[in-house]
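Engineer: compute the structure for the input listed below.
(3 chains)
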Amino acid sequence: MDAAIAPVVLAWYDRQHRRLPWRSPPGQPAPEPYRVWLSEIMLQQTTVPAVMPYFARFLARWPSVHDLAAAPVDEVMEAWAGLGYYARARNLHKCAQAVSERLGGIFPDTVDGLLELPGIGAYTAAAIAAIAFDRPAAVLDGNVERVLARLFAVETPLPQAKPELRRLAEQVTPQQRPGDFAQAMMDLGATVCTPRSPDCLLCPLQAPCIARARGIAAGLPRKTAKAARPQRHATAFLLQRPDGAVLLRRRPPSGLLGGMLEVPSTPWHDTPWPADDIADHAPAARIAWAPLPGRAEHVFTHFALAITAVHGRIGAAAATKLDGLWQQPAEAVLPTVMKKMLGLLPDSAPKSKRNPRRGQGRP
DNA sequence: TAAACGTGGAC
DNA sequence: TGTCCAAGTTT
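Structural biologist: The predicted model follows:
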């Protein structure tokens, strides 16, 4: 029966495939490996709508892997700002340099070759091999895991079920059109076999789906509970020059927000900061720090950060003596959490998110 | 092996 | 408001 899976999925894909900028329609020649690679890196743990504008900008600015390799890494980081998981941007640049300089601009066309490159793991190597080079590699991402867990009623929770799901993926991957098959399985997972309420009536695998027969599709794949998210607290130092520019710094190259610009702040502590302790961590001495009204919250994968801010002013001459760089708040290109810190500045009107409260009660 | 690593949208 | 989650990789 497994042999019957691929043809059904491919026939569905021929009719229902999503049109995406990094993709060729079914039956057309494969897209350039550079585009496949760029899109796959951006799509790691990231939604298609979020990737869309970044992909367009990167491709317009750096049309080839050589162009990207030749770019200063800070420009690549800046272009990535807002997309998240910034190690991807650093590895993207490293990978471009490896391909451009060591491989003459030619991406490896095998899973093993691709796995050697920075930022390319099991999923991405298989995806590039299948989509760009038509290799029959078994592609296993979150979508495919879900489709297979339901199709074969795998009740073992993730991530323990991964080896079993991988075997199933290898079992159903066809020798013909493996790239289309990989994309078809992902489209199926993204549009029909969705996490919460799968649209089984529209599914081409309705008949062979064991979970559907047992009425447990929506509950698969099972997942082991994750740890609670701790709360941390920080106070940002919004130090402003007479021309309005604020002090920013470059974070260390690795770790959280590695290589990105930051607003100076207290350490991110597990308890709120007593007012008297805040100035101990200030980026400049002898500044009259004034607490600002308002607070912001930012949720990372593994902790949440409650943010308050203090405001200070500094003369143009004194400002030149500090480490860091000065940028106008509206023009700074920053990770989202840092933009939220700047959002606490007195005259920064755009609180885009719904932020009613404060003052008047409900009308 | 498990934890670190961002963000925004959906329900 | 809270929880889940999206085309994972690295250490």
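
Engineer: which strands or helices does the helix or strand encompassing residue A:144 pack on?
Structural biologist: According to DSSP states H and E, residue A:144 maps onto helix A:142-151. Helix A:142-151 sits against helix A:162-172, helix A:178-191, helix A:210-214, with contacts defined as 3 or more CB pairs under 8 Å, 6 or more residues apart in numbering; DSSP states H and E. No exception for glycine: its C-beta is placed from N, CA and C like everyone else's.

Engineer: I'd like these as CSV, with mean neighbour count and distance to residue A:333 appended.
Structural biologist: Shown next, in CSV, are the helices and strands packed on helix A:142-151 (neighbours: other CB atoms under 10 Å; distance: least, CB to CB, whole Å):
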stretch, mean neighbour count, distance to residue A:333
helix A:162-172, 16, 37
helix A:178-191, 23, 30
helix A:210-214, 16, 45
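
Engineer: nearest to DNA strand C, of those helices?
Structural biologist: helix A:178-191 (4.4 Å; CB to the nearest atom of the strand).

Engineer: does any bit of that closest one sit next to DNA strand B?
Structural biologist: No: using CB under 7 Å from any atom of the strand, helix A:178-191 never reaches DNA strand B; the gap is at least 12.0 Å.

Engineer: quick one: that helix to helix A:162-172, angle?
Structural biologist: 130 degrees (axes from the mean of the first three to the mean of the last three CA atoms, to 10 degrees).

Engineer: which other residues reach the helix holding residue A:144?
Structural biologist: Residues outside helix A:142-151 that contact it (CB atoms under 8 Å, 6 or more residues apart in numbering): A:5, A:154, A:158, A:161-162, A:165, A:168-169, A:172, A:182, A:185-190, A:193, A:195, A:198, A:205, A:208-212, A:217, A:220-222.

Engineer: run the last query once more with 6 Å
Structural biologist: The contact list for helix A:142-151 (CB atoms under 6 Å, 6 or more residues apart in numbering) reads A:165, A:168, A:185-186, A:188-190, A:193, A:205, A:209, A:211, A:217, A:220-221.

Engineer: just give me the closest of these to DNA strand B.
Structural biologist: For the contacts of helix A:142-151, the nearest to DNA strand B is residue A:190 (12.0 Å; CB to the nearest atom of the strand).

Engineer: quick one, what contacts that closest one?
Structural biologist: Residue A:190 neighbours (CB under 6 Å, 6+ apart): residue A:143.

Engineer: now do residue A:61 against DNA strand B, distance only.
Structural biologist: 20 Å (CB to the nearest atom of the strand, to the nearest Å).

Engineer: got the phi/psi numbers for that residue?
Structural biologist: The phi and psi values for residue A:61, taken as degrees, to the nearest 10, are phi -80, psi -40.
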